[in-house]
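Undergrad: Quick one, structure for this:
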Amino acid sequence: MDQFNQHGLRISRKNGLFLASFLIAYFLIMRVLGLGHEYYLRLFNGLILILMMRQGIIAYRRFLEEEKYGSSFDFFRLNLRTAFIGIAVFTVFLAIYLDIIDPAFMAELKEQENANPFLSPVSAAGIVFIEGLGSAFVLSYLVVQAMKKRTIELQKQSAK
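TA: As a prediction, this is how the structure comes out:
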């Protein structure tokens, strides 16, 4: 069994659930504070995503036996799987929230955002899912590249 199947899948599941928890908590805090319509605050969702991806790479590196460098493709797969799990769980929560917990917020969204009258909680959550995966794809690439630089420096230092 290769190292990714042995350790990477477990790490991505754990971090994906943490990611979903942080996104749900952040969303609820913004709703309580009345900042649910402030779109610029969604930048913090990206920050949460970046931090969880970085944590996943660091955790996965601890299990690498042969080399401390690891495969960039494995890091990318780990990050995308983490993001998929976290965003999917958050999307299910959002659909339930908009449909059952706070349907008034869904009505506000339709009214204030001039959305299509046929917009439903499931389609709104689906839009968030697609946006989240697009962001995750780009941010994952950037995080892997940022973490790769450090590992190359580590490799050079250990060669001395």
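
Undergrad: Which parts of the longest helix along the chain count as buried, going by neighbours?
TA: Using DSSP state H to define each element, the chain has its longest helix at helix 121-159. Residues of helix 121-159 classed as buried by neighbour count (16 or more other CB atoms under 10 Å): 121, 124-125, 128-129, 132, 135-136, 139-140, 143-144, 147, 151. All C-beta spots, glycine's among them, are computed from the backbone N, C-alpha and C.

Undergrad: Can I get those in CSV including distance to Arg42 and pLDDT?
TA: Converted to CSV, the buried residues of helix 121-159 look like this (distance: CB to CB, whole Å; pLDDT from 0 to 100):
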residue, distance to Arg42, pLDDT
Pro121, 18, 88
Ala124, 14, 87
Ala125, 15, 91
Val128, 10, 90
Phe129, 14, 95
Gly132, 10, 93
Ser135, 9, 93
Ala136, 13, 94
Leu139, 13, 93
Ser140, 18, 93
Val143, 18, 91
Val144, 22, 88
Met147, 24, 80
Thr151, 30, 50
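
Undergrad: As TSV, these with distance to Ser72 would be great.
TA: TSV is the format used below for the buried residues of helix 121-159 (distance: CB to CB, whole Å):
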residue	distance to Ser72
Pro121	38
Ala124	35
Ala125	32
Val128	28
Phe129	26
Gly132	22
Ser135	19
Ala136	16
Leu139	15
Ser140	11
Val143	11
Val144	5
Met147	9
Thr151	9
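
Undergrad: Got the confidence number for Gln157?
TA: Note on Gln157: pLDDT of 60.

Undergrad: now swap in Ala83 and tell me
TA: 95.

Undergrad: give me every residue that touches the nearest residue to it once chain neighbours are set aside.
TA: Spatial nearest neighbour of Ala83, excluding adjacent residues (CB to CB, 6 or more residues apart in numbering): Ala136 at 3.4 Å. Residues counted as contacts of Ala136 (CB atoms under 8 Å, 6 or more residues apart in numbering) are Leu49, Asn79, Leu80, Ala83, Phe84, Ile87.
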